[in-house]
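Participant: Requesting a structural model of the entry that follows:
(one chain, ligands or ions: 1)
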Amino acid sequence: MTAVPQQRLLRTEIPGPQSVARHRRKTTAVSAGVGVGLPVYITRAGGGILVDVDGNHLIDFGSGIAVTTVGNAAPRVVSAVTRQVADFTHTCFMVTPYDGYVEVCEKLNALTPGDHEKRSALFNSGAEAVENAVKIARHATGRPAVITFDHAYHGRTNLTMALTAKARPYKDGFGPFAGEIYRAPMAYPLRWPGGSEACAQQAFDAFVDTVHTQVGEARTAAVVIEPIQGEGGFIVPPPGWLRRVADWCRQHGILLIADEIQTGFCRTGDWFAAEHEQVVPDLVTTAKGIAGGLPLAAVTGRADLMDAVGTGGLGGTYGGNPVSCAAALAAIEIMIEENLCGRAREIERLFLARLHDLASRYDVIGDVRGRGAMLAVELVTGAGDLTPNPALTAAVNARCHRAGLVTLTCGTYGNVFRFLPPLTAPDALLTEGLDIFESALDAARADH
Ligand code: PLZ
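Facilitator: Predicted coordinates for the structure are as follows:
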């Protein structure tokens, strides 16, 4: 099949008539609980372009929520998967093993922060990886409690819902939740009561106080943290905060679990975001970008912890499926050979120059933040008022969608635009997407 040209092309309005018809059908077949951000139905994709049933070519600034880091349907991933699927589709690694699983674990052990001895275990989804990291931490420490943060997102299963902060839509009506989960304040510079200067120290003190007074250090198995928070609003903690949390955890025998599901695999300009702070987590969870679009997730960590679990204590029918493993090995090869960490840093420069310029002209941009190709703007009331502006955010988002740019929002207050382009997208496509974003902001601002 010929490659999809890396250009936007609109043949109909968005969504087009074919997509509208499909979406009516969706509502009679698919649970209303499964929402859709932009109801255009996709038939094909390549690199940073999604092609819909009406023949429109849309620019992808979401990568399917930070998954298609190496580009959609990356040719090397497609051929690795095609080869593997013809050889064998499944055995269940726990029944009769195969090389791909072991090779992915070796790569994870080598690429994750720290040069200590490590082991990995493979799963299907991010939430499953986080659940297993908590199981491992509790088993290895013999302690029950787990600390999470305001604005955290770790998944939609029972245990990970308890770790996730935002009530609607993630938790409302779905309780009771798993026990022994405690929440500490997050170092959110823009919204820290004492201001961003005070944030690193005061947020660290508040975290220590929460653990000390509400939980007890000796009862605490692990602290679970996204080095840059994802769904909660692309919140980048101030320099030094993560380091301090990590050092304090070590002093108290508390394990640090870095949830790198959204930040991992070159997304932030390093293989993993914890590296930016020279933090070596005890356990790391990965998913999303790891396998070029196929479902795969992992827990990687200190060998002594990972091996503390009794045989049969970890696993699952599909975890580390051979097709997903083949995709991951191909995706990792692309990341290394095409230096996608370096490319993420180039994307950061390109985006930040534009976004800071926009922020200087539009006072509704309360903050520009992020690292690598994980970047965001937070929209506020403006004129010095930092009140979140979800209505403007929704209006800009709708305008981007109508112009053929797939954008995603996030944030506890629904007022953050996040940019997660594939790292292989050419500059021209990224610039065109930013032009669309600027026009959408300008027009929506005039309406609000
Ligand atoms: N941890 C840091 O970002 C998934 C979820 C979107 P799964 N984020 C996108 C939604 O509305 O469901 C995520 C994450 C972090 C864990 C997860 C969970 O990963 O593969 O979606 O289970």
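Participant: What residues does the stretch 201-350 of the chain have near the ligand?
Facilitator: Proximity of the stretch 201-350 of the chain to the ligand, by Cβ under 6 Å from any ligand atom, involves residues 226, 230-231, 259, 261-262, 287. C-betas here are computed from N, CA, C, even on glycine.
Participant: Most widely separated two among those?
Facilitator: Glu231 and Ala287 (13.4 Å; Cβ to Cβ).
Participant: Same drill for the two, tell me which one is more crowded.
Facilitator: Neighbour comparison, Glu231 and Ala287: the larger count goes to Ala287, with 27 against 23 (by other Cβ atoms under 10 Å).
Participant: wait, what's in contact with the more buried one?
Facilitator: 123, 125-126, 129, 261, 296-298 (Cβ atoms under 8 Å, 6 or more residues apart in numbering).
Participant: closest to the ligand among these?
Facilitator: Of all those, Gly126 has the smallest distance to the ligand: 2.1 Å, by Cβ to the nearest ligand atom.
Participant: ok, back up a step: from the contacts of Ala287, which ones fall inside helices?
Facilitator: The helices, defined by DSSP state H, take in 126, 129 from those.
Participant: Any chance of TSV for the contacts of Ala287, columns pLDDT?
Facilitator: Output for these, formatted as TSV (pLDDT from 0 to 100):
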residue	pLDDT
Phe123	98
Ser125	98
Gly126	99
Ala129	99
Ile261	99
Leu296	99
Ala297	99
Ala298	99
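Participant: For the contacts of Ala287, give me a markdown table that also has neighbour count.
Facilitator: Listed next are the contacts of Ala287 as a markdown table, based on neighbours: other Cβ atoms under 10 Å:
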| residue | neighbour count |
| --- | --- |
| Phe123 | 26 |
| Ser125 | 19 |
| Gly126 | 29 |
| Ala129 | 32 |
| Ile261 | 28 |
| Leu296 | 28 |
| Ala297 | 25 |
| Ala298 | 32 |
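Participant: Now flag whichever of the contacts of Ala287 is closest to Glu337.
Facilitator: Within these, the smallest distance to Glu337 is 19.9 Å, found for Leu296 (Cβ to Cβ).
Participant: so that closest one sits right up against Asn124, yeah?
Facilitator: Yes. The criterion here is Cβ atoms under 8 Å, and Leu296 meets it with Asn124 at 7.2 Å.
Participant: what do the two both touch?
Facilitator: Listed as contacting both Leu296 and Asn124 by Cβ under 8 Å, 6+ apart are Asn321.
Participant: Could you report the separation of the nearest residue to Gly16 once chain neighbours are set aside from the ligand?
Facilitator: Nearest residue to Gly16 in three dimensions, chain neighbours excluded: Asp54, at 2.9 Å (Cβ to Cβ, 6 or more residues apart in numbering). Computed with Cβ to the nearest ligand atom, to the nearest Å, the distance linking Asp54 and the ligand is 26 Å.
Participant: Pop out the phi and psi values for Asp54.
Facilitator: Note on Asp54: its backbone torsions stand at phi -90, psi 0 [degrees, to the nearest 10].
Participant: contacting residues for it?
Facilitator: 11-12, 15-19, 40.
Participant: Looking at the stretch 301-448 of the chain, which residue is nearest the ligand?
Facilitator: Residue nearest to the ligand within the stretch 301-448 of the chain: Cys410 (8.9 Å; Cβ to the nearest ligand atom).
Participant: circling back: closest to Cys105 among the residues of the stretch 201-350 of the chain next to the ligand?
Facilitator: Taking Cβ to Cβ as the measure, Cys105 lies nearest Ala287 of these, at 14.6 Å.
Participant: What pLDDT is listed against the closest one?
Facilitator: At Ala287, the pLDDT value in this model is 99.
Participant: Same check on His448?
Facilitator: Per-residue confidence for His448 comes out at a pLDDT of 77.
Participant: Count the residues that sit near the residue lying closest to it once chain neighbours are set aside.
Facilitator: Of all residues not flanking His448 in the chain, Leu392 sits nearest, at 5.0 Å (Cβ to Cβ, 6+ apart). Leu392: 20 surrounding residues under other Cβ under 10 Å.
Participant: and if you look at the one 10 residues further on?
Facilitator: Around Arg402 sit 15 other residues, with neighbours defined as other Cβ under 10 Å.
Participant: residue contacts, it?
Facilitator: Arg402 makes contact with 13-14 under the criterion Cβ under 8 Å, 6+ apart.
Participant: roughly how far apart are it and Arg445?
Facilitator: Distance, Arg402 to Arg445, by Cβ to Cβ, to the nearest Å: 16 Å.
Participant: Next: Ala330.
Facilitator: 43 Å.
Participant: Which one's more surrounded, these two?
Facilitator: When Ala330 and Arg445 are compared for neighbours, Ala330 comes out ahead with 24 against 17, by other Cβ under 10 Å.
Participant: Now for the nearest residue to that one once chain neighbours are set aside: which residues touch it?
Facilitator: Nearest non-adjacent residue to Ala330, counting by Cβ to Cβ, 6+ apart: Ala80, 3.8 Å away. Ala80 sits next to 326-327, 329-330 when contact means Cβ under 8 Å, 6+ apart.
Participant: Can you classify Ala80 by secondary structure?
Facilitator: Three-state assignment for Ala80 (DSSP: H, G, I helix; E, B strand; the rest coil): helix.
Participant: residues from the stretch 1-150 of the chain in reach of the ligand?
Facilitator: Counting by Cβ under 6 Å from any ligand atom, the stretch 1-150 of the chain comes close to the ligand at 65, 125-127, 130.
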